[in-house]
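J.: Below is the sequence, then the predicted model.
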Amino acid sequence: MPYKQQQFSMANCLENFWKRLLRVQQVTIQTQSAEEALGEIKVQEEKKKTLLFFERGKWISPRSYGIEFNNCLRWSFDDENGLVGLEHLRQGPNHPVFLFHLAPTTANQLRSIDPHLCHNDCYFGQIDFNEKHIQVTWKIVGPQKNELLYHTYV
């Protein structure tokens, strides 16, 4: 019997990713410089195909031990164009900062289409996911930055 390659479906990738986003409860953040944080996630459906992630936690690595963090992210599912949008809402829901659109690249991966530009820095995003977790890798490149951040959502 000949080997059959499973056909990659952008729609299935997006649907599976969205279903997995709905189940997120915790985040672990690791930096390239060995900093680590743990946090809880409250997921709220803002409207159809729009989710809010309320992140709250603490840095647990020795250098930053006990420093608290809060963040709010807005995820938007655009199934018509085959994209997921990501914004941060640090300045409130009426002042979102658009980060980027993510598009499927494989059955379990999405990548930012364009970088997010913040002053002299470029932010790129890649998401790998499965039934157990979502791994968001942030690459930050700039005149004084070359950093990788790993956010693991379970």
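T.: Ah, there it is. Numbers count the residues shown, from 1 in each chain.
J.: For Thr152, which non-adjacent residue is spatially closest?
T.: Using CB to CB, 6 or more residues apart in numbering and skipping residues adjacent in sequence, the residue nearest Thr152 is Thr28, 4.6 Å away. Where you see a C-beta, it was placed from the backbone N, CA and C, and this is true even at glycine.
J.: Okay, the one you found and Gln135: tell me how far apart.
T.: 10 Å (CB to CB, to the nearest Å).
J.: do you know how far the residue nearest the centre of the chain is from Gly66?
T.: Closest to where the C-alpha atoms of the chain average out (CA atoms, centre = their mean) is Val136, at 4.6 Å. The gap separating Val136 from Gly66 is 24 Å, by CB to CB.
J.: Please apply the same query to Cys72.
T.: 22 Å.
J.: Which one's more surrounded, these two?
T.: Applying other CB atoms under 10 Å to Cys72 and Gly66 shows that Cys72 carries more neighbours, namely 19 against 7.
J.: hang on, the earlier thing: ok but the residue nearest to Thr152 is inside a strand, no?
T.: Yes. Counting by DSSP: H, G, I helix; E, B strand; the rest coil, Thr28 is found in a strand.
J.: Hmm, Val136 and it touching each other?
T.: No. Applying CB atoms under 8 Å, one finds Thr28 not in contact with Val136, separated by 10.9 Å.
J.: between the two, what contacts are shared?
T.: 151-152 (CB atoms under 8 Å, 6 or more residues apart in numbering).
J.: what about Gln91, neighbour count?
T.: Applying other CB under 10 Å, I find that Gln91 has 10 neighbouring residues.
J.: With adjacent residues omitted, what lies nearest to it?
T.: Closest to Gln91 by CB to CB, 6+ apart is Val97, at 7.0 Å.
J.: Identify the residues contacting the one you found.
T.: Counting by CB under 8 Å, 6+ apart, Val97 makes contact with 87-91.
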